[in-house]
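[1] Provide a 3D model corresponding to the input given below.
(2 chains)
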Amino acid sequence: MTSLRSITIATLIKDIRLEWRSRDAINAMLFFSLLVVVIFSFSFDPNAEESREIAGGLIWVAFLFAAIVALNQTWARELRNQVLDAYRVSPAPPNALFLAKAFGNFILVTILEAVMAPLFVVFYNLRAVGPAWQLIPLAVLGTWALVVNGTFFAAMSLRTRSREIMLPLLLFPISIPAVQSMVEATRIILSGDGSARFWIVLLLTYDVVFTTACLGLFGTILQAE
Amino acid sequence: MKKIFPILAALTALLLAYGFYQAMWVAPTERTMGDVQRIFYYHVPSAWTAFCLFFTNLFASVIYLIRKNPKADALAVASAEVGVVFCTIVLVTGPIWARPVWGIWWTWDVRLTTTLVLWLIYVSYLVLRRFSDSAQTPVLAAVLAIFGALDVPLVYFSIWFFRTQHPQPVMGNGGSLDPRMLHAFLINLFAFSCFGAIVCWWRYRLEREQREVEELEALESLRGVSR
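    Below you'll find the model as predicted:
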């Protein structure tokens, strides 16, 4: 257990340090989602009432697309110099590597959301009518739902041709219930009609089910030769 | 086994022809919907066959992950491909019926959405198999099948939260169904199950033979190198 934790933390710190020095992924993600925000607000130009109804969909679609940028380069770094092969023959538990990568992506996407959410508020004149604090647990659960499966499928698509295209093709169909929960919950909280509890519970279930599945099957994916 | 195939295929064809006759001429016309209701004799059996095949795919994938038996993987390929075809039939016949009866082509109802998401997941499964040509493809595909199976109940619950529009199954609650309709339906259900099974079986044989040929070719080229 200690080895799982120490290896996870070591790998996570290494990834964060690498990202901090280059800042490739975070810059690409931020600029990409900024573009999405601008293009969306050109194409819809809603009033305050409408924007409460559609903002949930726009925000999460923008984050989903931007997250793909981070997820795609998760494993690419480990392919250079055969780092992944070295990891495979080392006695370190595979799940430590998976957790480190998933947490790394979680931190990246969370930073992205923290920067972009105020921009959305500005561009769409958003003001929550419902309980706004619920957006925080929703964002945490939703981000984890995207990155846990995203990290897993990124590892899967490493073994395919044109893997950058492959990741969204695998990830989007599986993510449909998660994205729907995030969008619906955000819409309910912003417009204040009803309770978002069902969607948050559904999202929590999604997180628990797929985190378990990822941890259970990651060893199989990593060792598949 | 090879010799039985033509006989089974002929029997299935006869059964399908009989089912067609029952559905088009023997079964009475539905009172409110009219003739368009007859699509039901194809829509529901296709859905049933597709779900059976997807279930077979999940079963074969789990077996493959445990036993690493290439036969299980061949069965997984065959059932996924044939299942997607039947699921496509369901998704095409549904709107044809819905347009005159409901007045809309499509609605985000529980059964419709779950079927569509299942179809999307299995299309991505086939895309994965197509894009990955290494030896690990079967493992990756089997893992994806398990993820898809975990996803479907969540999709179902997320849509179930909205009110459902799809007609409830009419079998079993009261005698509102004409026995000739039930007869035509059951014949078609059986005929489509046989049809799905036989196509899947044939695809399975094809997959196995193709792999044998590939293995022989690889061996042959190795022999050429050593000489």
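
[2] Looks like residue B:43 contacts residue B:97 (just checking).
    Yes. The criterion here is C-beta atoms under 8 Å, and residue B:43 meets it with residue B:97 at 6.6 Å. Yep, even glycine has a C-beta here, placed from its N, CA and C like the rest.

[3] mind listing the helices for the chain?
    Since no chain was named, I'll use chain A. A:2-22, A:24-44, A:48-72, A:76-79, A:83-89, A:94-124, A:135-157, A:163-191, A:197-223 (DSSP state H).

[4] wait, I meant chain B there
    Going by DSSP H, chain B shows helices at B:4-21, B:40-67, B:70-102, B:110-131, B:137-160, B:179-226.

[5] picking up where we left off before, and of the helices of chain A, who's closest to residue B:143?
    helix A:197-223 (5.2 Å; C-beta to C-beta).

[6] Any idea how far the closest one is from the middle of the chain?
    13 Å (C-alpha atoms, centre = their mean, to the nearest Å).

[7] Give me the buried positions along that helix.
    A:198-200, A:202-203, A:205-207, A:210-211, A:213-215, A:217-218, A:220-222 (16 or more other C-beta atoms under 10 Å in any protein chain shown).

[8] Which ones among those residues also lie next to chain B?
    Applying C-beta under 8 Å from any C-beta of the partner chain, the subset of the buried residues of helix A:197-223 adjacent to chain B comprises A:198, A:202, A:205-206, A:210, A:213, A:217, A:220-221.

[9] Show me which of those residues is closest to residue A:107.
    Distances from residue A:107 to these, taken by C-beta to C-beta, are shortest for residue A:210, at 19.0 Å.

[10] Test my guess that that closest one contacts residue A:149.
    Yes. Using C-beta under 8 Å, residue A:210 is in contact with residue A:149, at 5.4 Å.

[11] what touches both of these two?
    A:174, B:147 (C-beta atoms under 8 Å, 6 or more residues apart in numbering or on different chains).

[12] ok, back up a step: I'd like the ones next to chain B among the buried residues of helix A:197-223 laid out as JSON lines, including pLDDT.
    JSON lines is the format used below for these (pLDDT from 0 to 100):
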{"residue": "A:198", "pLDDT": "87"}
{"residue": "A:202", "pLDDT": "91"}
{"residue": "A:205", "pLDDT": "93"}
{"residue": "A:206", "pLDDT": "94"}
{"residue": "A:210", "pLDDT": "95"}
{"residue": "A:213", "pLDDT": "94"}
{"residue": "A:217", "pLDDT": "92"}
{"residue": "A:220", "pLDDT": "88"}
{"residue": "A:221", "pLDDT": "87"}
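
[13] check contacts around the residue nearest the centre of chain B.
    Centroid-nearest residue in chain B, with C-alpha atoms, centre = their mean: residue B:50, separated by 2.0 Å. Applying C-beta under 8 Å, 6+ apart to residue B:50 gives the contacts B:83-84, B:86-87, B:89-90, B:196.

[14] try it again with 6 Å
    B:83, B:86-87 (C-beta atoms under 6 Å, 6 or more residues apart in numbering or on different chains).

[15] Going by neighbour count, which of the residues you listed comes out on top?
    Compared across the contacts of residue B:50, residue B:83 has the highest neighbour count, 26 neighbours, by other C-beta atoms under 10 Å in any protein chain shown.

[16] Give me the nearest residue to that residue, chain neighbours excluded.
    residue B:53 (3.4 Å; C-beta to C-beta, 6 or more residues apart in numbering or on different chains).

[17] how about the residues of chain A near chain B?
    Within chain A, the positions near chain B by C-beta under 6 Å from any C-beta of the partner chain are A:156, A:159-161, A:166, A:169-170, A:173-174, A:176-177, A:180, A:198, A:202, A:206, A:209, A:213, A:217, A:224.

[18] any low-confidence regions in chain B?
    Residue ranges of chain B with pLDDT under 70: B:1, B:162-176, B:226-227.

[19] Also chain A?
    Looking at chain A by pLDDT under 70, you get A:1-2, A:225.

[20] if we go to 50?
    Along chain A, the model assigns pLDDT under 50 to no residue.

[21] how distant is stretch B:17-32 from the center of its chain?
    With C-alpha atoms, centre = their mean, you get 23 Å for stretch B:17-32.

[22] how far does it stretch from start to finish?
    27 Å (C-alpha to C-alpha, to the nearest Å).

[23] got the buried residues for that stretch?
    Within stretch B:17-32, the residues scored as buried using 16+ other C-beta under 10 Å are B:18-20, B:22-23, B:27.

[24] Any chance of JSON lines for those residues, columns distance to residue B:154?
    Output for those, formatted as JSON lines (distance: C-beta to C-beta, whole Å):
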{"residue": "B:18", "distance to residue B:154": "40"}
{"residue": "B:19", "distance to residue B:154": "35"}
{"residue": "B:20", "distance to residue B:154": "38"}
{"residue": "B:22", "distance to residue B:154": "38"}
{"residue": "B:23", "distance to residue B:154": "35"}
{"residue": "B:27", "distance to residue B:154": "37"}
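
[25] nearest to residue B:200, of those residues?
    Using C-beta to C-beta, those come closest to residue B:200 at residue B:19, 18.7 Å.

[26] what sits against residue A:56?
    Contacts for residue A:56 (C-beta under 6 Å, 6+ apart) come out as A:183, A:186-187.
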